[in-house]
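Q: Task: produce atomic coordinates for the following.
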Amino acid sequence: MKITAQEEYGLRMLIRIASCNNEEGMSIPQLSEAEGLTSPYVAKLTRVLRMSGFINSTPGNRGGYVLAKSAEEIVINDVLKALGGALYDADFCQLHAGSLKLCNNSVDCSVRSLWQMIQFTVDGLLSKITLSHLVNQGNISGKVLEDILTQKI
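A: Numbering: from 1, shown residues only. Modelled structure (predicted):
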């Protein structure tokens, strides 16, 4: 399992936008400079985030990007799926059947059960975490995430 660059940078940009106190939000050049990314790549990621309903663009020369809803309403599981998709989905086996059209192990596949269990666990954890948990500074967000992991929240 790997976290893609698109997931990492998209989430980091969303955290920056959520942390911005300017009502015009953050522009592509500002996000590009803050994250050390090219403007075209930032534009691509902001488009994905905008089309998924997480951010809105503000009009005008000084416009930028702002959250489309409160940080408490933005679930990290939804963000990561919009940026990169699920780790395991129903089409997975069809995509990895080998040279045959149907998987040899479709009836008794223990591997599929493993991937489903991992996806279920990841979804369960990431569905408890909102953008507001990640916007908090250092020790606070670390403590909140630890509480979520140990089921205190």
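
Q: residue ranges for the helices of the protein, please.
A: 5-19, 28-35, 39-51, 76-84, 92-95, 110-126, 131-135, 138-149 (DSSP state H).

Q: Spit out the contact partners of T4.
A: L83, G84 (Cβ atoms under 8 Å, 6 or more residues apart in numbering). C-betas here are computed from N, CA, C, even on glycine.

Q: hmm, back to that, out of the helices of the chain, the one nearest G60 is which?
A: With Cβ to Cβ as the criterion, G60 lies closest to helix 28-35 of the helices of the chain, at 13.9 Å.

Q: Give me the mean pLDDT for the closest one.
A: On average, the pLDDT along helix 28-35 is 96.

Q: Next: stretch 117-132.
A: 89.

Q: Same question for stretch 72-87.
A: Mean predicted confidence for stretch 72-87 is 91.

Q: Just the buried positions in that stretch, please.
A: Within stretch 72-87, the residues that qualify as buried are I74, I76, N77, D78, V79, L80, K81, A82, L83, G84, counting by 16 or more other Cβ atoms under 10 Å.

Q: what's that stretch in contact with?
A: So stretch 72-87 is contacted by 1, 3-4, 6-7, 10-11, 14, 18, 45, 48-49, 52, 54, 67, 115, 118-119, 122-123, 126-127, 129-134 (Cβ under 8 Å, 6+ apart).

Q: How far off centre is that stretch?
A: 4 Å (Cα atoms, centre = their mean, to the nearest Å).

Q: First-to-last residue distance for that stretch?
A: The first and last residues of stretch 72-87 sit 24 Å apart, counting by Cα to Cα, to the nearest Å.

Q: So that it lines up with my notes, have the first residue be 260 from now on.
A: Fine by me, first position is 260 from now on; the one you just mentioned is stretch 331-346.

Q: re earlier: between the buried residues of stretch 331-346, which is nearest L296?
A: L342 (14.0 Å).

Q: quick one: the residue nearest to that closest one when sequence neighbours are not counted and V394, what's the gap?
A: Excluding the flanking residues, the one nearest L342 by Cβ to Cβ, 6 or more residues apart in numbering is G269, at 4.2 Å. To V394, G269 is 15 Å away according to Cβ to Cβ, to the nearest Å.

Q: More neighbours: these two, which one.
A: G269 (24 against 19; other Cβ atoms under 10 Å).
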